[in-house]
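Peer 1: Pasted the sequence and its predicted model underneath.
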Amino acid sequence: DGFDGIISTLSGIQLQKRKYRTMAFALLESYKVMRDFTGKKTITQGALAKAVCFLIGYFAARYRYV
């Protein structure tokens, strides 16, 4: 929804590059989704998409695609 996917992807990239100040907000959102998932609460499709985008950004930076 809107820029959430883009922000999550860029924060994953920033995490891998160890630039923690620029990725803190989206990491918090991803943490909330994972906490809901492990707590067996209902996860919305948007929240799951943000978490997936974050992981895509993280692994893209890790394997030096970006």
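Peer 2: In hand now; what should we look at?

Peer 1: as a whole number, average confidence for stretch 37-55?
Peer 2: Taken as a whole, stretch 37-55 has a mean pLDDT of 77.

Peer 1: distance between the ends of it?
Peer 2: By Cα to Cα, to the nearest Å, the extent of stretch 37-55 from end to end equals 15 Å.

Peer 1: list the buried ones in it?
Peer 2: If you call a residue buried by 16 or more other Cβ atoms under 10 Å, then stretch 37-55 has these buried ones: 47, 50, 51, 53, 54. Placement of C-beta: from N, CA and C, glycine included.

Peer 1: TSV for those residues, including secondary structure?
Peer 2: Formatted as TSV, the buried residues of stretch 37-55 follow (DSSP: H, G, I helix; E, B strand; the rest coil):
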residue	secondary structure
47	helix
50	helix
51	helix
53	helix
54	helix
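
Peer 1: I'd like those residues laid out as a markdown table, including distance to residue 65.
Peer 2: What follows is those, written out as a markdown table (distance: Cβ to Cβ, whole Å):
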| residue | distance to residue 65 |
| --- | --- |
| 47 | 25 |
| 50 | 20 |
| 51 | 19 |
| 53 | 14 |
| 54 | 15 |
